[in-house]
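Participant: I would like to see how this sequence folds:
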Amino acid sequence: MAKLYFRYGAMGAGKTMDVLKVAYNYEERGQRVVLLKPQCDTRDGKAVIKSRVEGLQRECDLIEDFVNLDEESIKSYDCILVDEAQFLSKDQVMFLVHVVDDLHVPVICYGLRTDFQMNLFEGSKWLFAVADTIEETKTICWCGKKAITNARYNESGIVREGEQVVLGGNDSYISLCRKHFREGDLGPHFQS
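Facilitator: I've put the predicted structure just below:
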C-alpha cells in the first residue's frame, strides 16, 4: 500500500544524502524513481539535487512540471522522491496526496520543519497535516545537543528578521539547539 512520507530535519541532517541513497537503492533493484524539487531552489542549479557531501548529486525534475504529467506516466514510477519539500505549496502537497491515494505510488518528501524564525514553511505545515508517516532526521548543535533550528547568520551574528526564503548553505545557516538559538550563540567557532 502506497504511503506519503515526510522526513524532516534541521539543515545538515543528511536529508538530501538520504534522497540520493533511496533513489540509488530503488534503481539498483530495477525500479523506476523520479527525483523532484521545487523550482525556487536554484542554489545548486535549476534541476540538480546536490548533497553537502562532496560529489553526491544528480539531475532531477521540477515539481511544477511533474504535476502536469498524465496519470499513466506518474503510475509508471515505483516511487517519487521530493527534496526541499518545505518549499511546496498546499496544492502541490495535495497533488502528492492524490498520487498516493488514487494512483497508488509511494511518495517520500524531505525538508526542513521551520525557517530561521522557527515558523513552519507552507509545505512542511501541510505535510505534517496529511503525511501517513512522519520521521525526523537528526543532527546536532555545536554543543552536542539535538539541533532543531535553522539559524540564519551574518558577520553580526544571528539574523532575526527578513524574507522567509533566502537560499544558502553553511555560509549563511547553521543548525542549533533551541537554547543556543534563543541565546544567539553560534558557538566557539564563530567567536571573534
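Participant: Give me the nearest residue to L20, chain neighbours excluded.
Facilitator: L56 (5.4 Å; CB to CB, 6 or more residues apart in numbering). Yep, even glycine has a C-beta here, placed from its N, CA and C like the rest.
Participant: Let me see the backbone angles for the most centrally placed residue in the chain.
Facilitator: With distances taken as CA atoms, centre = their mean, the residue of the chain nearest its centroid is G111 (2.1 Å). Here is the backbone geometry of G111 (degrees, to the nearest 10): phi -170, psi 180.
Participant: repeat for the one 5 residues further on
Facilitator: With angles defined as degrees, to the nearest 10, F116 sits at phi -70, psi -10.
Participant: how much space is there between it and Q86?
Facilitator: 12 Å (CB to CB, to the nearest Å).
Participant: can you check T114 too?
Facilitator: In this structure, T114 and Q86 are 8 Å apart, going by CB to CB.
Participant: Can you pull the residues that touch both of the two?
Facilitator: F121, S124 (CB atoms under 8 Å, 6 or more residues apart in numbering).
Participant: which of those two has more neighbours?
Facilitator: Applying other CB atoms under 10 Å to T114 and Q86 shows that Q86 carries more neighbours, namely 26 against 17.
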